[in-house]
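Engineer: The sequence and its predicted three-dimensional model are supplied below.
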Amino acid sequence: MQTFRADLHIHSRFSRATSSKLTAHYLAAWAKIKGLELIGTGDITHPVWREELKEKLVYNNKTGFYHLKNAVDIDHELPLYSGLKISGETNFILQGEISSVYKKNGKVRKIHNIVYFPNFEVADKFSEKLGKIGNISSDGRPTVGLDAKQVLEMVLESHPDSFLIPAHIWTPWFSLFGSKSGFDSVEECFGSLSEHIFALETGLSSNQEMNRLISSLDRFKLVSNSDAHSGENLGREANIFSGTLSYQGVLNALRGSDGKSINSTNLIGTIEFFPEEGKYHLDGHRKCNIVMEPSESRARHGICPVCGKPLTIGVLNRVLELADRETPVFKSASSEQSLIPLAELISEVVGTNSKSRRVSDMHARLISRFGAELSILSQVPEDELMRFSAPLGEAISRMRHGAVLREGGYDGEYGVVRVFSEKEQKELLKRGTLVGFSLDNLIVPLCPSREKKEAQQQEQSDPNDHLNEVLMPALPKNYEEVIREIRFNVNQKRALCSSAGPNLVIAGPGSGKTRTLIGRILHLIENSISIKNILALTFTRRAATEIDQRLLQYLGGGTPIPRVDTLYALAFEVWQNTHRSKPILLSSENALKLFIEANGEQNITKLRDNFQEINLNRERLLPLKDELKIQYQNYCQQKTAWNLADLIELLESWREQMDTGIYSRPWTHILVDEIQDLSNLQLALIKALTPPDGLGFFAVGDPDQSICSFQGAGGDVENSLRENWPHLNVIHLDENYRSTPELLELSSGFIRSYALSPTMHQAGLSTDQTQKQGDIRVFHASSDKSEAFWIGSQIKSFLGLPSHNIIDHAKNIDKNTSHFDSIDGKGEYSLSDIVVLVRTKELIPVIKNTLQRMGVPCSTPETEVFWREPRVEMIINAASRQFGINLTEEENLKCPEKIIAKGPLGIAAYFSDSLPFDALFWQSQAFKTLVKSFDKYSGWSGLINWISMQSELELAKNNSEKVQLLTINAAKGLEFKIVFLPGLEDGLIPFMGVDFLSGKLKNKSLSVNIDEERRIFYVGLTRAQDAVLMSYSSKREFSGHALRLKPSKFIHELPKRNILFSTLKAHHSIRETQLKLL
């Protein structure tokens, strides 16, 4: 029966930190040297590598594998082995690796999975789908924000014979069971799809014996692969099969059980590293040169005795943590051989580095004489090896007997496995032979004794730990019980239990304003206020949905809850009930187009400015100038003719009905969120909804986060409310639950002298987030491109991803770049924990493009909505035309109205493959979402209205498993662990406008609301929980113009303590200064 060796997990030159020599022919040449009949292609999802493989490989119908079209020329690929003739051909299986970074069950997960496909057609299909989710071009092993279960689902959907194997399952940072970001079971990771996982890769730091201490892994085949990043490392771990060399045979062997597969192919063994040689076998801290056995690290509670930070818990410790056996149990006949790479053995014999020419020459002679490396290590008789070289024969003999000296690897540092002691090596180098050798003195047990019981005794948990948990019952008995179990601080309790009103709660960032608002709702219900009489108003639908969900969470799914909505949604409902028909809502862009059309051939720039002034006056309840009145009347006539309305008109109409007595207030208690950002018109509506004495009024907000003056917001809401209600009761929430003390000191110190609510900042905000130290940085880049690369390098460090070649890439973009600083190895964050906030959208493209090239999954929620896809936008614009929303000629899609009336599917049938459409578009996610939305909102009018009510605040989502790129305004109300604030230059923040930055207003005076700009920056600072990383650039491109702006004046207003300043200078290393108070 045929026996063959297979290395099923490798990489190409398109993965980071890999050899540039890795071509298909080069890999095949090394496979022959190593003695591998089957290898993975590596990186099959990378488009360039996949196309290259299609050119070089041919499919073998008999085996289901691929092989080279043209036989490998070892003389050309590996000149050192020239003249070597090895029969047979190297088979390739289409294989890649996917890195998933996401959150699940309240924890950051970082999982690597190996995927396999039967042919290129299937691999293309999978890669195309994956490419719509993440960037598959920047790294051969792409990083995506997908749950590992979703990756498995995509693999299974691609073809019945596609399969997935979790990679190096014990590696601390990126694996199924890893101590840093893994799970405790296969089922916890893959859920209902767990049955489709039938094999696990042990990784370099564990072997079969260690894995068989865990009974839940008995059903899985254990495979070992090299994960090679170079040709020399191929086959350092591999698998041994017996039977038919075929794709179906290998697949069935892995799916089989009890050592007998469904057909004649079986997995009969693995070739392993000695696990101690792996980079993560033991616990330790590389920076401090600390390495520990599991018992010692547990005794120290996993803390480094040098720096006081957590140790990296290694594979052995993690295995023992999950183990439920004292000794390993093998359910199948699979064997394992622990080997040391031949070059390492030779280096011990000759006393030089394993990469030296002397070692390479001896390696080549051995291959020429005895054949493939794996055969030399495991099969060639020892006496034959002794005749070639007695010391080498001795070394291989010891290795085969497990008689080796081992120093375990830890925290990314490879371990050392040697066959000769230092004394013996000196003797060997001096005499060329060994004297007094005793094998018995060198034998070391392969699997350390189990220490689990001792560890359990040392890790007894504090019986009071449960007191620190926030209690949120699923189905409480009554509202009083809920309020008692949701924990509130003293001021929050004062607010939610305050008198009937009017009440204003000034809530600083991260002080729990939403929790307090919900607490107030529950308090009212507890005091017998009917839910029909309670209305909660939010600034966005996103916030309303969050409150709805939290109320349902606290009260139980079947419990009725009060109305929670936006003013616009309520006003639309009132309009519909009053007029007996729905208006077609104009988005801000379409409203401007209609205004320009209604006012003829006047100067467009002037009309745009006038329209903005008109809308501001409408929001601020100010009269219009005569010129503006005429233009506004023209606009209103056009709207009325087509039953169109803009969002402001909805509010004006509702207020008019209340002023004339047509509409009577149905609620007795009005609760308002984010009240500081309401315009005078919106405040007037709310006051009209509230009894004249203010009874039942309860609002929360923060004047220092008022950033909507462009929509008519005044900010100083307390004085505005006191004009109506002098007896207004004001309560301050000044305890921060979001940011570290350093970040709180930074933001509060910045705003203190300019605060609209100075009392809170003068008293000093407090925080309970004292577990970690806040990270604050200001980086000076030489250009916007080097700034973007710096952001990318920091993000990858926070994620624990390798940042290889970032500096080199930066040099190619910016010749002045010589060095980047980097936050070392955090690795504890998820993609969705990180945000990049900019003052204006024009800064996003260069950052987004750079992050994508660096393999960092990112999204721009404000621009990635389905209706922004160009062809979807054409369809929606065509549908808008039938409602009187006219378009310019270039925006016009020529389509009969009767076809448009049939909806998206009717339009698809009409156009088919006619330009600008094609079959791929009709199958795209954007078009499918359009179809679903058309049905959901009952046709074009409902869909257009819904889109018109979507603001940038609605589009930002905090649960996306990507790094988000947002404007600061869009991030209001969100929080992230890591916040980047690039572009801190005068003109950008404080923002002087696109026209000024693009050179159109050189001779025109500017009017900049510096106080609001300062509050916008404050909002950006206060989104962060753990770190704020700010940056500015000496030069940047902006709308086609080269800008050289001064650093923002806001940088100089920041409290300097705790800030690390770093500067990138031409041809010099980065210079860092830490400013501290003495």
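Structural biologist: Received the coordinates, thanks.
Engineer: just checking, residue 546 touches residue 513?
Structural biologist: No. Taking contacts as Cβ atoms under 8 Å, residue 546 lies outside contact range of residue 513: 11.9 Å. For the C-beta atoms, the positions are set from N, CA and C on the backbone; glycine is no exception.
Engineer: Who has more neighbours out of these two?
Structural biologist: When residue 546 and residue 513 are compared for neighbours, residue 513 comes out ahead with 22 against 18, by other Cβ atoms under 10 Å.
Engineer: Would you mind confirming that the more buried one is in contact with residue 733?
Structural biologist: Yes. In this structure, residue 513 is within contact of residue 733 by Cβ under 8 Å, at 6.6 Å.
Engineer: Which neighbours do these two have in common?
Structural biologist: 505, 507 (Cβ atoms under 8 Å, 6 or more residues apart in numbering).
Engineer: how close does the residue nearest in space to the middle of the chain sit to residue 795?
Structural biologist: In the chain, the residue lying closest to the centroid (Cα atoms, centre = their mean) is residue 831, at 1.9 Å. Counting by Cβ to Cβ, to the nearest Å, the gap from residue 831 to residue 795 is 9 Å.
Engineer: Quickly list what's touching both of these two.
Structural biologist: Joint contacts of residue 831 and residue 795 (Cβ under 8 Å, 6+ apart) are 856, 963.
Engineer: Show me the shaky parts of the stretch 851-1000 of the chain.
Structural biologist: 862-864, 882, 884-892, 949-960, 1000 (pLDDT under 70).
Engineer: repeat that for 50
Structural biologist: 889-890, 958-959 (pLDDT under 50).
Engineer: check contacts around the residue nearest to residue 624 when sequence neighbours are not counted.
Structural biologist: Nearest residue to residue 624, sequence neighbours excluded (Cβ to Cβ, 6 or more residues apart in numbering): residue 617, at 5.6 Å. Taking Cβ under 8 Å, 6+ apart, we find residue 617 in contact with 623, 624, 628.
Engineer: Show the contacting residues for the second one.
Structural biologist: When you say that, I think you mean residue 624. Contacts here follow Cβ under 8 Å, 6+ apart; on that basis residue 624 touches 614, 617, 632.
Engineer: Got the phi and psi for the second one?
Structural biologist: Residue 617 has phi and psi values of phi -70, psi -40 when expressed as degrees, to the nearest 10.
Engineer: Residue 679 versus that one, what's the distance?
Structural biologist: Counting by Cβ to Cβ, the gap from residue 617 to residue 679 is 11 Å.
Engineer: Residue 1039 contacts residue 997, doesn't it?
Structural biologist: Yes. Contact status for residue 1039 versus residue 997: in contact at 6.8 Å, counting by Cβ under 8 Å.
Engineer: So in this structure, which strand runs the longest?
Structural biologist: For the chain, the longest strand by residue count, based on DSSP state E, is strand 91-104.
Engineer: From the contact counts, what lies against the helix or strand that that one is followed by?
Structural biologist: Going down the chain from strand 91-104, the next helix or strand is strand 107-117, by DSSP states H and E. Here strand 107-117 touches strand 91-104, helix 120-131, helix 148-158, strand 163-166, going by 3 or more Cβ pairs under 8 Å, 6 or more residues apart in numbering; DSSP states H and E.
Engineer: swap the cut-off to 6 Å and go again
Structural biologist: Under the contact criterion of 3 or more Cβ pairs under 6 Å, 6 or more residues apart in numbering; DSSP states H and E, strand 107-117 touches strand 91-104, helix 148-158, strand 163-166.
Engineer: As JSON lines, those with mean pLDDT and distance to residue 961 would be great.
Structural biologist: Shown next, in JSON lines, are these (pLDDT from 0 to 100; distance: least, Cβ to Cβ, whole Å):
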{"stretch": "strand 91-104", "mean pLDDT": "95", "distance to residue 961": "5"}
{"stretch": "helix 148-158", "mean pLDDT": "95", "distance to residue 961": "10"}
{"stretch": "strand 163-166", "mean pLDDT": "98", "distance to residue 961": "19"}
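Engineer: Could you say which one of these comes nearest to residue 606?
Structural biologist: strand 91-104 (50.0 Å; Cβ to Cβ).
Engineer: Can I get the closest one in CSV? Just the C-alpha atoms.
Structural biologist: Extracted C-alpha coordinates of strand 91-104, given in CSV (Å, rounded to 0.1, in the frame of the first residue of the first chain):
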residue,chain,number,x,y,z
ASN,A,91,1.0,17.4,-5.8
PHE,A,92,-0.7,20.6,-4.7
ILE,A,93,-4.0,21.0,-2.8
LEU,A,94,-5.7,24.4,-3.0
GLN,A,95,-5.3,25.8,0.5
GLY,A,96,-5.4,29.1,2.3
GLU,A,97,-5.6,30.6,5.8
ILE,A,98,-8.2,33.1,7.1
SER,A,99,-7.6,35.3,10.1
SER,A,100,-10.9,36.2,11.9
VAL,A,101,-10.9,39.0,14.4
TYR,A,102,-14.3,39.6,16.1
LYS,A,103,-16.2,39.7,19.3
LYS,A,104,-18.3,36.8,20.7
